[in-house]
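Undergrad: Next comes the sequence, and after it the predicted model I'd like to discuss.
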Amino acid sequence: MRSITYYGEPVLREIATKVEDINEEIVALIEEMAVSMEENNGIGLAAPQVGVSKTLFITHAPNDKLRVFINPEILSTSPETCLYEEGCLSVPGVYGKVKRSEKISIQAYDQRGKVFKLDADGMLARVIQHEYDHLKGKLFIDYLPEKKVAKIIKKLQNQK
Ligand code: NI
């Protein structure tokens, strides 16, 4: 299990770098991330959220299996969007509605180094977009209205 990095830690704002080799170390990292995600009742977790600035994330959306995305690339997003409340293990206690594409198409490598393409919709599409953002140093609160974000930041600072 790896400990979660929280809002304010610089790694969450970094642009993650590519995984050059899907080796034992990466597989071990994924396994530890999966434990951290399940322990915290998360439905997605990106490597920067455990302090590793690498382009990989995992998802476990409701009614779906555990999925691994290494060096992911979103190939297309639908023009149709939907609004839904999100949260993030790195921004505890904060929720807000975020507009995301309803459907996406993504390509990535799995933990065996095999490339795959996936078309996703519903909650899985949302989680993927949220986790993909983490690899670019972006957080879901960046989409919320400025006033709300100011309040959130105050609240998070008081938690410390
Ligand atoms: Ni998150």
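TA: Yep, that arrived. Residues are numbered from 1 along each chain as shown.
Undergrad: quick one: least confident helix or strand in this structure?
TA: Ranking every helix and strand in the chain by mean pLDDT, DSSP states H and E puts helix 146-159 at the bottom, with a mean of 83.
Undergrad: got a list of contacts for that one?
TA: 7-8, 91-94, 96, 141-142, 144 (Cβ atoms under 8 Å, 6 or more residues apart in numbering). From N, CA and C alone the C-beta is placed, and that goes for glycine too.
Undergrad: what's the nearest residue to the spatially most central residue of the chain if we skip its chain neighbours?
TA: For the chain, the residue nearest the mean C-alpha position is residue 131 (1.9 Å; Cα atoms, centre = their mean). The shortest distance from residue 131 to any non-neighbouring residue, by Cβ to Cβ, 6 or more residues apart in numbering, is to residue 57 (3.9 Å).
Undergrad: Which other helices and strands does the strand or helix carrying that neighbour contact?
TA: Per DSSP states H and E: residue 57 is located in strand 56-59. With contacts taken as 3 or more Cβ pairs under 8 Å, 6 or more residues apart in numbering; DSSP states H and E, strand 56-59 sits against helix 24-39, strand 44-46, strand 67-77, helix 122-134.
Undergrad: and the angle for the first one with strand 67-77?
TA: Read it as helix 24-39. Relative orientation of helix 24-39 versus strand 67-77 (axes from the mean of the first three to the mean of the last three Cα atoms, to 10 degrees): 90 degrees.
Undergrad: Work out the gap between helix 24-39 and the centre of the chain.
TA: 14 Å (Cα atoms, centre = their mean, to the nearest Å).
Undergrad: now the chain, which segments are flagged as low pLDDT?
TA: For the chain, applying pLDDT under 70 flags the ranges 160.
Undergrad: 90 instead?
TA: 1, 93, 146-160 (pLDDT under 90).
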